[in-house]
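S.K.: Predicted coordinates and the sequence they were generated for:
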Amino acid sequence: MQTEKKLLECEHFLNDNGSINYSYEIWSYDDNVRYDTVFYKYNNDDQVILEVRRSGNSIDSTSYVYSDGNLVSSSVKPENRKSIYTVSEHENKYNIFEDRILIPGFYGKGSRNLIVKEVDTIPNYGVMTSTYNYEYNSDGLITSRDFLEMDSNNPDEPYWEVNSTIGYSCK
């Protein structure tokens, strides 16, 4: 049995604030290759408000809405996919922004407070519900983050689950 090969190569171009202005991406899945160009627009607080992705002849866009610095919703066109976010009372000190946690800061400033829940409504499919649980040390720093995604079409088992431990080497 041969293992499927997956590869993502990116070249990012930053704006004057150090956030990604646009990216070229090459997605490789075995013998299939896809080339994407992604553009980002930010508000005055350097929070991403629009992401436009061109892949071949298709274009989709994701709009993000904030209230008091917190991410409250997003929508993807042309699919009419909508997400609603719930935030905690804990400040997002390290700019954790949903799936962009791997390179914080490159996509501007994240939600002011930590996201604890995302409800993603997908037309002609159903609802994906993601929850984020955080543990903190005595200094109020995050020491772990558990992510759980559930699919309304298969509610008895997790669709995706990630448990992360966070350590600090700075003083």
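M.R.: Great, that's in hand. Numbering: from 1, shown residues only.
S.K.: okay, CA-based contacts and neighbour counts for the rest of this
M.R.: Noted.
S.K.: Stretch 132-140: end-to-end distance?
M.R.: End-to-end span of stretch 132-140 (C-alpha to C-alpha, to the nearest Å): 17 Å.
S.K.: what's the spacing between it and its chain's center?
M.R.: Stretch 132-140 sits 20 Å away from the centroid of its parent chain (C-alpha atoms, centre = their mean, to the nearest Å).
S.K.: same check, this time on stretch 29-40
M.R.: 18 Å.
S.K.: Buried ones in it, by neighbour count?
M.R.: Neighbour-count burial for stretch 29-40 flags D36, T37, V38, F39, Y40 (criterion: 16 or more other C-alpha atoms under 10 Å).
S.K.: S73: which of those is nearest?
M.R.: Y40 (16.8 Å; C-alpha to C-alpha).
S.K.: residues in contact with that closest one?
M.R.: I20, N21, Y22, V48, I49, L50, E51, V52 (C-alpha atoms under 8 Å, 6 or more residues apart in numbering).
S.K.: which residues pair with it across the strands?
M.R.: E51 (DSSP bridges).
S.K.: swap in T86?
M.R.: With DSSP bridges as the rule, T86 is bridged to K117.
S.K.: re earlier: which pair in the contacts of Y40 spans the largest distance?
M.R.: Maximum distance among these (C-alpha to C-alpha): 13.6 Å, for Y22 and I49.
S.K.: Could you pull out the strands in this protein for me?
M.R.: Assigned strands in the chain, in chain order: 6-14, 20-29, 32-42, 48-55, 58-67, 70-77, 81-91, 113-122, 126-136, 142-151, 160-165 (criterion: DSSP state E).
S.K.: List the buried residues for stretch 19-30?
M.R.: For stretch 19-30, a neighbour-count test (16+ other C-alpha under 10 Å) marks S19, I20, N21, Y22, S23, Y24, E25, I26 as buried.
S.K.: ugh, typo on my part, it should be stretch 141-148
M.R.: Going by 16+ other C-alpha under 10 Å, stretch 141-148 has these buried residues: L141, I142, F147, L148.
S.K.: Repeat that for stretch 78-87.
M.R.: Quick answer for stretch 78-87 (16+ other C-alpha under 10 Å): R81, K82, S83, I84, Y85, T86, V87.
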